[in-house]
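Asks: Model the structure of this input:
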Amino acid sequence: MNHVPSDQSFYIESEDEDDRKDYAEEEEEDGHSHSDSSDANDEHHTQYKPNSYTTAWPQSYRQSIDLYSSVPSPSIGFLGNNSMSRFGSSFLSSSLIRRHTPEYLPTVAKPLLEAEEQAPPPPKHRLSSHGLLPPVPPSRRSSMRKDERVSHEVPMSRNSSYGQAVMNGLNVLCGVGILSTPYAAKEGGWLGLGILFIYGLLSFYTGILLRYCLDSESDLETYPDIGQAAFGTTGRIFVSIVLYLELYACCVEYIILESDNLSSLYPNAALSIGGFELDARHLFALLTTIAVLPTVWLRDLSLLSYISAGGVIASVLVVLSLFWIGLVDGVGIHSKGTTLNLSTLPVAIGLYGYCYSGHAVFPNIYTSMANPNQYPSALLTCFTICTLMYAGVASMGYTMFGEATKSQFTLNLPQDLVATKVAVWTTVVNPFTKYALTLSPVALSLEELIPSRHNKSHWYAIAIRTALVFSTLLVGLAIPFFGLVMSLIGSLLTMLVTLILPPACFLSIVRRKVTRTQMMLCVLIIIVGAISSVVGSYSALSQIIEKLSS
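Replies: Here you go, the predicted model:
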């Protein structure tokens, strides 16, 4: 869940003749005369034609990831026939002002923090853009206003402040990965903690590389766009699949997380259905799936996005609970830990890598900023805060629980303490708001592939989303190892998204302007990412197979 002039918009002309007629009628109803602007529109007509970035799959990526990472205006509804009737061979438009988009896909109106009311700023360029593209024609502005009245939504803000960008970045980076940092410290030892800082530094640099890629071409807005610019349609599809697999895997982690923590609260819970005995772990995994299913059916997840914006607060609350229990409630520091665990260090590699899985959203954050010059500073702030939090939690948790540290430190906390209940219930509640926002980009990308079936699209969408939800349940029950699954995600997918693809795309897109230093750094990062991916993935898979066969 981005690098064009702040007021720039793209649209795709409707392929349906009826749509064009309806559009003309709307213009007349709006009462705007466009005769004065018709010449200007004709002059720039070719510049408004859809380009390869706005017509290639996935076209829903921009909107869905914006919703995943920031806060839009609230509006809620369930998937309906009208909302899905436009899916099919005519894919979702990547424009936020396409006439039919508000019917089925929520627009992103605001970032996490409200900006102070002020006069609209003048149009802003990206640093290396090739100049502002022509403004939206009056006819399109008229249509856009019409849509806003119908859908009660507003266009996406491209005027995010520095603080808003930082909050959006923290909301993405401060996730469930923080729960496993003490476990990562146990698996890698104290020296292994240095990997966290190395990955943090490299990930920050690759986040800057994404900006250079986006600035190279005014049409580039998202990570898949970068993949296409670097390696063609194959690159776009590959990048998209990797990003969607990462989101899907995160949903699997949510199911395992809920199951583990709820079963720790109610270890004796059980249910017998038709001769099948469900223990606490299986029961709570099933109940979690049933609970999140209706949220995935929601057509507009704006309300959930508001609530999930508290993810940063939730992370801070859990961290404070850990420190309170260790320093105030008398649990204390009991273990000095191990200096280095070479045998299990590869697992720690994947866990530390997972902590920086936010690159899918960075392009969206950059292009939404009113002052793109502040992007490096905002990114540095996000990485500094998150790295310090991760390191602090890893150190405190490992010294508190030593070699008994579990994959989630909440499972180690004494059950009779109030701070424990605060930490555990905060951990339990947060994924309920995150799950639908995380899975929706995957669902929307699949719904784009549905052939035109005006009367059946609604049920196709419901079926796709339901199947995705229950598939995460099955995977979570089949591989119920939170730490190892996270290590596999971090090694196999996050390394690709964070350390391998950004420098590879940068070298491909900006190859003629790359300096010798940049070339060496990019090659070094790719090598580090590739080695980490192979070693970490092999280790995680080996341990998963070993646990399943034991």
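Asks: would you list every one of the strands in this protein?
Replies: Assigned by DSSP state E, the strands in the chain fall at 271-273, 276-278.
Asks: Mean pLDDT and mean neighbour count added to the ones you listed, as a markdown table?
Replies: (C-beta placed from N, C-alpha, C; glycine too.) A markdown table is the format used below for those (pLDDT from 0 to 100; neighbours: other CB atoms under 10 Å):
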| stretch | mean pLDDT | mean neighbour count |
| --- | --- | --- |
| strand 271-273 | 85 | 10 |
| strand 276-278 | 86 | 11 |
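Asks: Just send those strands back as TSV, with distance to Ala184 too.
Replies: Output for the strands of the chain, formatted as TSV (distance: least, CB to CB, whole Å):
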stretch	distance to Ala184
strand 271-273	34
strand 276-278	31
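Asks: How many residues are close by Ile208?
Replies: 16 (other CB atoms under 10 Å).
Asks: What residue, apart from its backbone neighbours, is nearest it spatially?
Replies: Nearest non-adjacent residue to Ile208, counting by CB to CB, 6 or more residues apart in numbering: Pro376, 5.9 Å away.
Asks: roughly how far apart are the one you found and Cys174?
Replies: Here the distance between Pro376 and Cys174 works out to 20 Å (CB to CB, to the nearest Å).
Asks: ok, now Gly275?
Replies: Taking CB to CB, one finds Gly275 at 44 Å from Cys174.
Asks: Of these two, which one has the most company?
Replies: Counted by other CB under 10 Å, Gly275 and Cys174 do not tie: Cys174 has more neighbours, with 24 against 5.
Asks: Thought Leu388 was touching that one, still the case?
Replies: No - using CB atoms under 8 Å, Cys174 makes no contact with Leu388, being 11.3 Å away.
Asks: Residue ranges in the stretch 151-300 of the chain under the pLDDT threshold?
Replies: For the stretch 151-300 of the chain, residues meeting the criterion pLDDT under 70 lie at 151-158, 300.
Asks: Tell me the buried residues in stretch 420-437?
Replies: Across stretch 420-437, burial judged by 16 or more other CB atoms under 10 Å covers 420, 422-424, 426-428, 430-437.
Asks: how far away is Phe323 from Gly194?
Replies: Phe323 sits 22 Å away from Gly194, taking CB to CB as the criterion.
Asks: Now for Leu196: which residues touch it?
Replies: By CB atoms under 8 Å, 6 or more residues apart in numbering, the residues touching Leu196 are 181, 184, 352, 355, 387, 390-391, 394.
Asks: now do 10 Å
Replies: For Leu196, the contact set (CB atoms under 10 Å, 6 or more residues apart in numbering) comprises 181, 184-185, 188, 348, 351-353, 355-356, 387, 390-391, 394.
Asks: Pick the one among those residues closest to Asp66.
Replies: Asp66 lies nearest to Tyr356 out of those, by CB to CB, at 20.3 Å.
Asks: Check the gap between the nearest residue to that closest one once chain neighbours are set aside and Val328 for me.
Replies: Distances taken as CB to CB, 6+ apart place Ser203 nearest to Tyr356, at 4.0 Å, with adjacent residues excluded. Separation of Ser203 from Val328 (CB to CB): 33 Å.
Asks: How far off centre is the longest helix anywhere in the chain?
Replies: Ordering each helix of the chain by length in residues (DSSP state H) puts helix 223-265 first. Helix 223-265 sits 8 Å away from the centroid of its parent chain (CA atoms, centre = their mean, to the nearest Å).
Asks: any idea how this protein splits into domains?
Replies: The chain breaks down by automatic domain parsing into domains covering 17-151, 169-549.
Asks: okay, these in TSV with distance to Gly163 next?
Replies: Formatted as TSV, these follow (distance: least, CB to CB, whole Å):
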stretch	distance to Gly163
domain 17-151	5
domain 169-549	9
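Asks: Please work out which of the ones you listed is packed deepest.
Replies: domain 169-549 (a mean of 20; mean count of other CB atoms under 10 Å).
Asks: Contacts only, for Leu507.
Replies: Residues in contact with Leu507, defined by CB under 10 Å, 6+ apart, are 209, 213, 230, 514, 518-519, 522-523, 526.
Asks: What is the nearest of the residues you listed to His334?
Replies: Distances from His334 to the contacts of Leu507, taken by CB to CB, are shortest for Ile526, at 41.4 Å.
Asks: Make sure the residue nearest to Tyr356 is actually in contact with Tyr354.
Replies: No - assessed by CB atoms under 10 Å, Ser203 is found out of contact with Tyr354, at 11.2 Å.
Asks: Gly192 and Ser343 touch, don't they?
Replies: No - the criterion here is CB under 10 Å, and Gly192 misses it with Ser343 at 11.5 Å.
Asks: For the closest residue to Gly402 other than its chain neighbours, give me its contacts.
Replies: Nearest residue to Gly402, sequence neighbours excluded (CB to CB, 6+ apart): Ser335, at 2.8 Å. Ser335 makes contacts with 186, 398-405, as judged by CB under 10 Å, 6+ apart.
Asks: hmm, 8 Å instead?
Replies: 398-403.
Asks: next one: Gln415
Replies: 264-265.
Asks: begin at 41 from here
Replies: New numbering, starting at 41: the last item is Gln455.
Asks: pLDDT score assigned to it?
Replies: As predicted, Gln455 sits at a pLDDT of 87.
Asks: Please state the backbone phi and psi of it?
Replies: Main-chain torsions, Gln455, degrees, to the nearest 10: phi -70, psi -20.
Asks: Mind jotting down where the helices sit in the stretch 441-590 of the chain?
Replies: Assigned by DSSP state H, counting those that start in this stretch, the helices in the stretch 441-590 of the chain fall at 458-487, 497-518, 522-529, 535, 541-549, 556-589.
Asks: Could you point out which of those sits nearest Asp259?
Replies: helix 541-549 (12.3 Å).
Asks: ok and that closest one relative to helix 556-589, angle-wise?
Replies: Angle of helix 541-549 versus helix 556-589, following axes from the mean of the first three to the mean of the last three CA atoms, to 10 degrees, is 140 degrees.
Asks: got the contact list for the nearest residue to Leu385 once chain neighbours are set aside?
Replies: By the measure of CB to CB, 6+ apart, the closest residue to Leu385 outside its immediate chain neighbours is Gly228, 4.8 Å from it. Taking CB under 8 Å, 6+ apart, we find Gly228 in contact with 235, 380-381, 384-385, 387-389, 392.
Asks: now Gly228: how far from Tyr475?
Replies: 29 Å.
Asks: ok so, going back, mean pLDDT lowest where, among the domains of the chain?
Replies: domain 57-191 (a mean of 46).
Asks: all helices for the stretch 141-290 of the chain, in order.
Replies: 141-144, 178-191, 202-213, 221-255, 263-305.
Asks: Present the ones you listed as a markdown table; the columns should include distance to Ile502.
Replies: Formatted as a markdown table, the helices of the stretch 141-290 of the chain follow (distance: least, CB to CB, whole Å):
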| stretch | distance to Ile502 |
| --- | --- |
| helix 141-144 | 13 |
| helix 178-191 | 21 |
| helix 202-213 | 28 |
| helix 221-255 | 35 |
| helix 263-305 | 17 |
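Asks: Gly523 is nearest to which of these?
Replies: Of all the helices of the stretch 141-290 of the chain, helix 221-255 comes closest under CB to CB, at 5.2 Å.
Asks: list the contacts for Tyr475?
Replies: If you count contacts by CB under 8 Å, 6+ apart, then Tyr475 has 291, 294, 332, 335-336 around it.
Asks: ok, the nearest residue to it once chain neighbours are set aside - contacts?
Replies: Excluding the flanking residues, the one nearest Tyr475 by CB to CB, 6+ apart is Val332, at 4.5 Å. For Val332, the contact set (CB under 8 Å, 6+ apart) comprises 294, 472, 475-476, 509.
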